[in-house]
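Student: return a 3D structure for these sequence lines:
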Amino acid sequence: MRLDDEGSYLTVHSSYCAIFSDEGLQSCLCHFDYEREKDRYTSAHVQVYGTSPALEALNGKGDQKRTLDKLHIPVGGRRFRPCIEDVIEFLINE
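Tutor: Here you go, the predicted model:
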């Protein structure tokens with residue numbers, strides 16, 4: 001957290017919320033990130049761990065290949081992004 005650019009309001013600078021399948025937090029299923037002022041990818045995004053035959057078929061060759069967890073899938077911008085309540089609701093419903 002930090003003050004906004006005007007110095008008036010508390011704002012989120014970065015956040016991270018992950019879902020793991022084990023108590024030791026070694027097997028990540030996905031994580032939701034927010035990083036203000038990112039240049040290379042959208043500020044609010046989700047990264048999913050797993051395999052995708054379709055992605056592997058379309059993915060680059062050799063050193064250019066990226067696994068599914070390296071893709072920053074957009075979920076909103078600075079004003080619309082998942083929060084911890086959304087993640088909890090997802091876990092309950094799914």
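
Student: scan the protein for its longest helix.
Tutor: Ranked by number of residues, the top helix in the chain under DSSP state H is helix 84-93.

Student: average pLDDT across that helix?
Tutor: Across helix 84-93, pLDDT averages out at 91.

Student: can you give me the helices in this protein?
Tutor: In the chain, the helices defined using DSSP H lie at 53-58, 84-93.

Student: those helices: which one's closest to residue 68?
Tutor: For these, proximity to residue 68 was assessed by Cβ to Cβ; helix 53-58 is nearest, at 5.8 Å. No exception for glycine: its C-beta is placed from N, CA and C like everyone else's.

Student: now what about the closest one, what contacts it?
Tutor: Contact partners of helix 53-58, identified using Cβ atoms under 8 Å, 6 or more residues apart in numbering, comprise 68, 71.

Student: quick check: buried residues in the longest helix of the chain?
Tutor: Within helix 84-93, the residues that count as buried by 16 or more other Cβ atoms under 10 Å are residue 87.

Student: using PDB, write out every CA atom in it.
Tutor: The C-alpha coordinates for helix 84-93 follow below in PDB (Å, rounded to 0.1, in the frame of the first residue of the first chain):
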ATOM      1  CA  ILE A  84      -9.600 -11.800  -1.900                       C
ATOM      2  CA  GLU A  85     -13.400 -12.000  -1.600                       C
ATOM      3  CA  ASP A  86     -13.600 -13.000  -5.300                       C
ATOM      4  CA  VAL A  87     -11.000 -15.700  -4.800                       C
ATOM      5  CA  ILE A  88     -12.800 -17.100  -1.700                       C
ATOM      6  CA  GLU A  89     -16.100 -17.100  -3.600                       C
ATOM      7  CA  PHE A  90     -14.400 -19.000  -6.500                       C
ATOM      8  CA  LEU A  91     -13.100 -21.600  -4.100                       C
ATOM      9  CA  ILE A  92     -16.500 -22.100  -2.500                       C
ATOM     10  CA  ASN A  93     -18.400 -22.300  -5.700                       C
END
